[in-house]
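**Q** need a 3D model of the sequence below.
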Amino acid sequence: MALFLSLSNPMCKMLKQPLERMTDADGNNPGVQSISTNANRVSWQGQVIHLSGRQWQPYDDGSWVVVFMESYSRYCMVLHYPFKPKWEQLQIDFYNHWKLHAVGWFRAEGIITNDDDGMQILDNIEHYFEQTKLHCFRNLDRSIGAHVAEVQYYLQSLFEDHQPRYFDSEEAWELSMYINQQPRKINGQRSKKHQFFPVERFIEDSLYRFASGVSISAYPNVEPGNFPCPYPEKPILRLLK
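**A** Modelled structure (predicted):
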């Protein structure tokens, strides 16, 4: 299993991380490569918004909003930092938020109905994190970057329309929940049947990776207790059995 973190130039600058730029197979087009998620790899795009400058008044307190968006689902996690975060802390927070988002939706969808299932899923998640090799690059997938830019629009709308007293981690979490339940269009398609919801794709992926052993339904060509893989590639490795 592999985890790709594609971090934008502003994010690398904030973290003071001179990461290697991602290139294509011929070593060309550094730093603007497309990233993807499949059965054996998860890819997230990282971007940062600095609440500084006139356009953010009266919320221009110099804090930092970090956005991670997953490639397949376009699911986003919004993190807020009053002060510029350190790279080590951001990695810890990334894993913790990924776990919290997954478990939160499992509970909401009735996947976790008892303590045993909850512990099984938490063990699966920790095992996945321990066994997955992390690859970090200085890169911006332009397609995902356009979706990430929408987060800034939602943030500005929140400030203008709702005028919260302040913006903190709790507000960032609520913003994530709202954005992930908004429909997104498949490229080149306009009809509703060609739209998807990030949260639905995120749950599908999370069930496959983290919820093995707790399914009460049977799926073709899937071991009892497990969930199907949402990707066409046949997985090479599996989680705990």
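**Q** can I assume Met69 sits in a strand?
**A** Yes: counting by DSSP: H, G, I helix; E, B strand; the rest coil, Met69 is part of a strand.
**Q** what sits against it?
**A** Going by C-beta atoms under 8 Å, 6 or more residues apart in numbering, Met69 touches Trp44, Gln45, Gln47, Tyr75, Cys76, Met77, Ile144, His147, Val148, Val151. For the C-beta atoms, the positions are set from N, CA and C on the backbone; glycine is no exception.
**Q** change it to 7 Å
**A** Trp44, Gln45, Tyr75, Cys76, Ile144, His147, Val148 (C-beta atoms under 7 Å, 6 or more residues apart in numbering).
**Q** can you tell me the closest non-neighbouring residue to it?
**A** Cys76 (4.5 Å; C-beta to C-beta, 6 or more residues apart in numbering).
**Q** ok, Ile35 next?
**A** Ser43 (3.9 Å).
**Q** return the backbone torsion pair for the nearest residue to Pro18 once chain neighbours are set aside.
**A** In space, and not counting its chain neighbours, Pro18 is closest to Cys12: 7.3 Å by C-beta to C-beta, 6+ apart. When read as degrees, to the nearest 10, the backbone of Cys12 gives phi -60, psi -40.
**Q** what's the biggest helix in this protein, counting residues?
**A** As assigned by DSSP state H, the longest helix anywhere in the chain is helix 87-108.
**Q** quick check, nearest of the contacts of Met69 to Val199?
**A** Using C-beta to C-beta, Tyr75 is the member of those that lies nearest Val199, at 6.6 Å.
**Q** please pull out the lowest mean pLDDT helix or strand from this structure.
**A** None of the helices or strands of the chain scores lower by mean pLDDT, DSSP states H and E than strand 184-185, at a mean of 84.
**Q** need the next SSE after that strand, C-terminal direction.
**A** Using DSSP states H and E, the helix or strand that follows strand 184-185 in sequence is strand 195-196.
**Q** related to what we said a few turns ago, among the contacts of Met69, which lie within helices?
**A** Ile144, His147, Val148.
**Q** how far away is the second one from Ser34?
**A** What it means is His147. His147 sits at a distance of 13 Å from Ser34 (criterion: C-beta to C-beta, to the nearest Å).
**Q** compare those two and say which is more crowded by neighbours.
**A** His147 (18 against 15; other C-beta atoms under 10 Å).
**Q** how far does stretch 109-120 stretch from start to finish?
**A** From its first residue to its last, stretch 109-120 covers 16 Å (C-alpha to C-alpha, to the nearest Å).
**Q** now it: mean pLDDT?
**A** What stretch 109-120 shows for mean pLDDT is 95.
**Q** repeat for stretch 98-106
**A** 98.
**Q** may I see the buried residues of it?
**A** Trp98, Lys99, His101, Ala102, Val103, Trp105, Phe106 (16 or more other C-beta atoms under 10 Å).
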